[in-house]
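J.: Starting from these lines, generate the structure:
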Amino acid sequence: FIPGGGGNVLYFYALSQQLGNDQPFYAMQAIGLDGTTPPLDSIAVMAQATIAEIKRVRPTGPYIIGGHCVGGLIAFEITQQLRAAGDEVEQLIILDAPAPHFFQEKKEIALGNAEWIGILLNSIEHMTGKRISIATEQLHGGDAENQLQLLRQKLAEANMVPANTPLSQIKGLLDVFKANAQLHFPVQEKIWNVPLTLLRAS
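T.: Okay, here's the model as predicted:
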């Protein structure tokens, strides 16, 4: 299962528990969350990297692949690459993903860290229902490190991260979010048939 724009898999914990002990559940955390490794910026490359990890755990299918939000688009690409290689995909599960055409054009969004932090917090607010915004003047008043410290403080106040989370991890969260927001969905030359379940929150 592939996470949404934030790249962190911890919010899948409750879902994994609901599936029971007889259904192994693997969540694929985004590369770059450590704050030192650059995040991947291509859905096709993300799919390749994820398949390599899947194959280390389970060399052959059938596979059940899923994803949430932008992770749904990555999951779709994973199934296409698996099928193209002759692997069996039993089911593709997409949870609240945007339509691929939203990501069809490569987006280069020229924003500073302050704006990106605001967008990230808005996204987290939307997902959690918790109010965690930062006043714009606070963000624009400091350097990059101060901005990350403010972001960490707000996330800690919302119980999203421990208060002592290293700033490198906060930077990684922001970098992965920025990369995922600017992804390009590859044009599919051939669509391999995969059973697909789309779940949309009401």
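
J.: mind listing the helices in the protein by residue range?
T.: Taking DSSP state H as the criterion, the chain contains helices spanning 13-18, 43-57, 70-84, 113-128, 136-140, 144-157, 167-181.

J.: Put together TSV for these, with mean pLDDT and mean neighbour count on each row.
T.: C-betas here are computed from N, CA, C, even on glycine. Shown next, in TSV, are those (pLDDT from 0 to 100; neighbours: other C-beta atoms under 10 Å):
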stretch	mean pLDDT	mean neighbour count
helix 13-18	92	11
helix 43-57	95	16
helix 70-84	95	24
helix 113-128	82	17
helix 136-140	72	13
helix 144-157	87	17
helix 167-181	91	21
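
J.: Would you mind putting these into CSV with distance to residue 187 alongside?
T.: Below are the helices of the chain laid out as CSV (distance: least, C-beta to C-beta, whole Å):
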stretch, distance to residue 187
helix 13-18, 31
helix 43-57, 11
helix 70-84, 11
helix 113-128, 27
helix 136-140, 37
helix 144-157, 35
helix 167-181, 19
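
J.: Quick one, which of those helices gets closest to residue 92.
T.: Nearest to residue 92 among those is helix 70-84 (4.9 Å), distances taken as C-beta to C-beta.

J.: Run through who's touching that closest one.
T.: 1-5, 43-44, 46-48, 50-51, 54, 61, 63, 65-67, 89, 92-98, 100, 103, 180, 183, 185-186, 188, 190-194 (C-beta atoms under 8 Å, 6 or more residues apart in numbering).

J.: next one: stretch 195-202 to chain centre, how far?
T.: 17 Å (C-alpha atoms, centre = their mean, to the nearest Å).

J.: pLDDT of it, averaged?
T.: Stretch 195-202 shows a mean pLDDT of 90.

J.: same question, stretch 28-41
T.: Mean predicted lDDT for stretch 28-41 stands at 92.

J.: ends of that stretch, how far apart?
T.: 16 Å (C-alpha to C-alpha, to the nearest Å).
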